[in-house]
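Student: Mind looking at a prediction? Sequence and model below.
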Amino acid sequence: MSDFPEFTVRVDQNPYLPAGGREMHAIVSVEARSSGGAGPAGGGGRAPAAEIIIIDTSGSMSYRGKMAAAKRAARAAVNVLRDGVHFAVVAGANRPRMIYPQGERLVVADETSRRSAVNAVGRLEAAGGTAIGSWLRLADRLFTAHDATVADNAVKHAILLTDGKNQHESDEELDAALRVCTGHFLCDARGVGTDWDVAELRKITSALLGGFLDVPDPADLEADFLAMTHAAMSKEVADVALRVWTPQQARLRFVKQMIPAVEDLTGRRVESGTQTGDYPLGAWGSENREYHVCVEVEPGDVGRQMRAAWVKLVAGDQVLASGNVLAEWTDDEARSTRINGRVAHHTGQSELAEAIQQGLEARREGDEDTATARLGRAVVLARTVGNEQISGLLDKVVDVVDPARGTVRLKRDVAKADEMSLDTRSVRTVRTRHGDEAGG
C-alpha cells in the first residue's frame, strides 16, 4: 500500500446557513502526488496494467486518410506500452476481431511483442460496419480472462477509436453491453472526422469512467493516442472511490465531478455502510480533480454547528484522505449570504455545459428562439468562469452582439466540425486564475 500516491483533500465552502436554511454546497478538491516523486509521468509505484486498443476498421475509415492515421496512432500507442503491461489490439467492424495477438487473450509487452503488434497493425484494412457494443464485449472478455492471472489492483484501460455512428446495433444492444462492462474497465474514446455521434461516445465514456474528444483532422490522432496511453501507463492505483457519509435525516442531493470534466456521479452511488455511499472515481496517478457536493440537512438553531457530510477517498479498505463539510446556522446576514467563490465558479461551469448542450439540441431541432437564448446564456457564462476555449468555439456558432447581456444571433452556416467540437468540449472544464482566486 505504500506505493499508492499521496492523496490530500481540501473542502471549500461557506459553512454558514441562515435560520431555517437547509442546503449546503461544497467543492471537494482532491490531489494525488506520485509516490515515486517523478511527477505525472509516474514513479516507482505504478500499478500493474492491461491495455486494449480498439480501432474502427469499418469501410468509412478508408476515406480522407483516416485508416492510415489510425494505424500510425495505434503503432505509437503500442510502442509506449511499458514492459510487463498486458495488451491486445482489436479491429472493430460488424464483428470485432483480434489483430494482435491471435486468439482471445492478452500478451505481455516487451520488445518482441510490441514489434509484432506494430507489424499486425500495419496490415489493417477498412471494411464492414460499426457495432461498438460488440467491440466492448470482446474487450470485457479479454480483461475478465486477464483477471484470473494477475493482481486485483491492475489498471484495466481501453482506447476506442471510431469515425461513425453505431449503425449495426440497436441502442438497446449498446446499452446492454455497457451494463456488462461497467465497473470492469475504463475506456477513453476518440471520434475522428464528423460522421460519429457525440451523444453516443459521451454515453460510452460516461459509463466506463473515461473521457472523449473530437479529432476533426486525422493527422492529430497520433498525438491523442500517445497522450491517452501515457496517462494510462502513469496510473498508480486502480479503483478509487469517494465515500460520503451524511447524518440521519440529511439527504445527499448530488455529487458531481467538475474537473477535469462535468460528470454527474449521483446515480452511481453504491451503499457502503450506514448513511454512507461510495461513488467510483476510477484509476489515479499524479493528478488533481474537483467534485461538487450538495447536502440537504435538517435546519438547526442559530449558533448550532454540525458535520453535514464526511468525505473520504478510499481504495478497497484503505482510507487515503478525508475532509468535512460543515454547517453552522447564523443570524448574521453577511455571513449566510456570502457565496464561496469556488462553489460559484463550478456552479457556473456546470450551467455552461447544460446551456450549450440545450442550445445545440434546440438548433438541430429548428427551435431558433430556444437555441438563441441558451447559447446567449452560454456566452455570458463562458466569460464569467473564464473559459476562453469555449468562448472561442461559441464564436464559431453564434455572432455575439453583446457579450455582457448574452445577445447573440445564430450563424446560418456552421461547419459540422465546429458544432461537434463545441458539443464535445462543453463538459471539459478549466482551472482559471479567476477560479483559483475565488477559492482563496
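Tutor: Here it is on my side, so go on.
Student: which residues of the stretch 101-250 of the chain fall in helices?
Tutor: Listed in chain order, the helices of the stretch 101-250 of the chain (DSSP state H, counting those that start in this stretch) span 111-121, 132-147, 171-181, 198-207, 221-233.
Student: Report the beta-bridge partners for Gln257.
Tutor: Glu263, Tyr291 (DSSP bridges).
Student: so what's it scoring on pLDDT?
Tutor: pLDDT for Gln257: 97.
Student: Kindly report the same for Ala315.
Tutor: Looking at Ala315, its pLDDT reads 93.
Student: thought it was touching Leu242?
Tutor: No - with contact defined as CB atoms under 8 Å, Ala315 does not count as touching Leu242 (11.3 Å). Any C-beta I mention is one placed from the backbone N, CA and C, and that applies to glycine too.
Student: So in this structure, which strand runs the longest?
Tutor: When the chain is scanned for its longest strand (criterion: DSSP state E), the result is strand 318-330.
Student: and the longest helix for the protein?
Tutor: helix 341-364 (DSSP state H).
Student: Now do it against helix 198-207, angle only.
Tutor: 140 degrees (axes from the mean of the first three to the mean of the last three CA atoms, to 10 degrees).
Student: Tell me who's in contact with the closest residue to Leu174 other than its chain neighbours.
Tutor: Excluding the flanking residues, the one nearest Leu174 by CB to CB, 6 or more residues apart in numbering is Gly133, at 4.2 Å. Gly133 is in contact with 166, 169, 173-174, 176-178, counting by CB atoms under 8 Å, 6 or more residues apart in numbering.
Student: Which residue ranges of the stretch 1-150 of the chain form strands?
Tutor: Using DSSP state E, counting those that start in this stretch, the strands of the stretch 1-150 of the chain run over 6-12, 16-18, 23-33, 49-56, 86-92, 97-100, 107-108.
Student: how close does the residue nearest to Leu174 sit to Val215?
Tutor: Gly133 sits 22 Å away from Val215, going by CB to CB, to the nearest Å.
Student: do you know how far Asp369 is from Arg405?
Tutor: From Asp369 across to Arg405, the span is 16 Å (CB to CB).
Student: actually Thr372, not the one I typed
Tutor: From Thr372 over to Arg405 (counting by CB to CB), the distance is 12 Å.
Student: These two: which has the busier surroundings?
Tutor: Thr372 (19 against 10; other CB atoms under 10 Å).
Student: In terms of pLDDT, where does that one sit?
Tutor: For Thr372, the pLDDT comes out at 97.
Student: same question, Ala47
Tutor: 81.
Student: what do you get for Asn79?
Tutor: Model confidence at Asn79 (pLDDT) stands at 97.
Student: is it true that it touches Arg114?
Tutor: Yes - between Asn79 and Arg114 a contact is recorded at 6.0 Å, counting by CB under 8 Å.
Student: neighbour count winner among the two?
Tutor: Using other CB under 10 Å, the more surrounded residue of Asn79 and Arg114 is Arg114, with 20 against 14.
Student: So the more buried one is in contact with Val80, correct?
Tutor: No - in this structure, Arg114 is not within contact of Val80 by CB under 8 Å, at 9.1 Å.
Student: check contacts around the nearest residue to Asp188 once chain neighbours are set aside.
Tutor: Distances taken as CB to CB, 6+ apart place Gly210 nearest to Asp188, at 4.2 Å, with adjacent residues excluded. Listed by CB under 8 Å, 6+ apart, the contact set of Gly210 reads 186-189, 204, 282.
Student: Name the nearest of those relative to Glu236.
Tutor: Checking these against Glu236 with CB to CB, the nearest one is Gly282 at 12.4 Å.
Student: Any chance you could list what contacts the host helix or strand of Val379?
Tutor: With secondary structure defined by DSSP states H and E, Val379 is part of helix 368-385. The contact list for helix 368-385 (CB under 8 Å, 6+ apart) reads 345, 348-349, 351-352, 355-356, 358-360, 362-363, 388, 390-391, 394, 397-398, 400, 403-410, 430, 432, 434-435.
Student: Can you turn the buried part of these into a ChimeraX selection?
Tutor: Per 16 or more other CB atoms under 10 Å, the buried members of the contacts of helix 368-385 correspond to this ChimeraX selection:
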select :345,348,349,351,352,355,356,358,359,360,362,363,390,391,394,397,398,400,403,406,408,410,435
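Student: for the protein, what helix or strand is lowest in average pLDDT?
Tutor: Scoring the helices and strands of the chain by mean pLDDT, DSSP states H and E places helix 433-438 at the bottom, with a mean of 47.
Student: if I look at the spatially closest residue to Arg22 that is not a sequence neighbour, how far off is Leu326?
Tutor: Spatial nearest neighbour of Arg22, excluding adjacent residues (CB to CB, 6+ apart): Glu296 at 5.1 Å. Glu296 sits 15 Å away from Leu326, taking CB to CB as the criterion.
Student: okay, those two: which has more neighbours?
Tutor: Higher neighbour count among Glu296 and Leu326: Leu326, with 17 against 14, using other CB under 10 Å.
Student: Touching, the more buried one and Gln13? I think so.
Tutor: Yes - at 7.2 Å, Leu326 counts as touching Gln13 under the criterion of CB under 8 Å.
Student: any low-confidence regions in the stretch 1-150 of the chain?
Tutor: Where the stretch 1-150 of the chain drops to pLDDT under 70, the residues are 1-3, 35-45, 148-150.
Student: how about a cut-off of 50?
Tutor: Along the stretch 1-150 of the chain, segments meeting pLDDT under 50 span 1-2, 37-44.
Student: tally of neighbours for Arg428?
Tutor: 18.
Student: now do Arg72
Tutor: Counted with other CB under 10 Å, residues neighbouring Arg72 total 18.
Student: got it, and the one 10 residues further on?
Tutor: By other CB under 10 Å, 14 other residues sit near Arg82.
Student: List the residues that contact it.
Tutor: By CB under 8 Å, 6+ apart, Arg82 lies in contact with 46, 49, 109, 233.
Student: next one: Ile204
Tutor: 132, 136, 160, 174, 178, 187, 189, 210, 212.
Student: what do you get if the cut-off is 6 Å, keeping everything else the same?
Tutor: For Ile204, no residue meets the contact criterion (CB atoms under 6 Å, 6 or more residues apart in numbering).
Student: So which of the helices of the stretch 101-250 of the chain is nearest Glu271?
Tutor: Nearest to Glu271 among the helices of the stretch 101-250 of the chain is helix 171-181; the distance by CB to CB comes to 18.9 Å.
Student: Quick one: list the elements packing against the closest one.
Tutor: helix 132-147 (3 or more CB pairs under 6 Å, 6 or more residues apart in numbering; DSSP states H and E).
Student: Please write out the alpha-carbon positions of the helix it packs on in PDB.
Tutor: In PDB, the C-alpha atoms belonging to helix 132-147 read as follows (Å, rounded to 0.1, in the frame of the first residue of the first chain):
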ATOM      1  CA  ILE A 132     -19.500  -0.800 -30.900                       C
ATOM      2  CA  GLY A 133     -21.200  -2.800 -28.200                       C
ATOM      3  CA  SER A 134     -19.700  -6.000 -29.600                       C
ATOM      4  CA  TRP A 135     -16.200  -4.400 -29.500                       C
ATOM      5  CA  LEU A 136     -16.700  -3.500 -25.900                       C
ATOM      6  CA  ARG A 137     -17.900  -7.000 -25.000                       C
ATOM      7  CA  LEU A 138     -14.800  -8.500 -26.600                       C
ATOM      8  CA  ALA A 139     -12.600  -6.100 -24.500                       C
ATOM      9  CA  ASP A 140     -14.600  -7.200 -21.400                       C
ATOM     10  CA  ARG A 141     -13.900 -10.900 -22.100                       C
ATOM     11  CA  LEU A 142     -10.200 -10.200 -22.600                       C
ATOM     12  CA  PHE A 143     -10.000  -8.200 -19.300                       C
ATOM     13  CA  THR A 144     -12.000 -10.900 -17.500                       C
ATOM     14  CA  ALA A 145      -9.800 -13.700 -18.600                       C
ATOM     15  CA  HIS A 146      -6.800 -11.500 -17.600                       C
ATOM     16  CA  ASP A 147      -8.200 -11.100 -14.100                       C
END
